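Chemist: Sequence and predicted structure below; questions after.
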Amino acid sequence: MLSIEEAQAYLEEIAQQLPEVFFENLNGGILLLPDTVLSPEAIEDDLYVLGEYCEDPLMGCYINIYYGSFEKLFEDACDEEIREELRETLLHEFTHHLESLAGERGLEIQDEWDLAQYFQDHEQEIHENKKH
């Protein structure tokens, strides 16, 4: 598992490769936090928040990446797999940011669909277990 310092350095490396326009109105920047965040929608201990795009009237716009959630979900993954997950998560949150600037909701709708699929999968699993 990458250390939090290594993860921070990697996120900075990714950010430096992104076009400057991606950072428009992202006045709070990218924050790597040590927190482990279990989603409030989690049915079991199986749905963690890896990253989050935040818009706050006082704090402005910023991206949180939760290192502890990565530790929890990817404890057995190699460093390269962790880097790929960090990259995907950061780009996912930047997509939320850019869509927000454009007044779009495509990724937000996809996230809602993915959550509905999560609920459906758990419902199906409960139903399957009742049969046995």
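Modeler: Received the coordinates, thanks.
Chemist: Tell me which stretches of this structure form helices.
Modeler: 4-17, 67-73, 79-102, 106-131 (DSSP state H).
Chemist: what's the most buried one of the ones you listed?
Modeler: With neighbours taken as mean count of other Cβ atoms under 10 Å, these reach their highest mean count in helix 67-73, at a mean of 18. Heads up, the C-betas are built off the backbone N, CA and C, glycines and all.
Chemist: chain center to that one, what's the gap?
Modeler: Remark: helix 67-73 is offset 11 Å from the chain centroid, using Cα atoms, centre = their mean, to the nearest Å.
Chemist: ok, and the closest non-adjacent residue to residue 53?
Modeler: With sequence-adjacent residues excluded and distances taken as Cβ to Cβ, 6 or more residues apart in numbering, residue 53 is closest to residue 96, at 3.8 Å.
Chemist: Redo the helices of the chain as CSV? Include distance to residue 52 and mean pLDDT.
Modeler: Converted to CSV, these look like this (distance: least, Cβ to Cβ, whole Å; pLDDT from 0 to 100):
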stretch, distance to residue 52, mean pLDDT
helix 4-17, 14, 98
helix 67-73, 10, 97
helix 79-102, 7, 98
helix 106-131, 11, 89
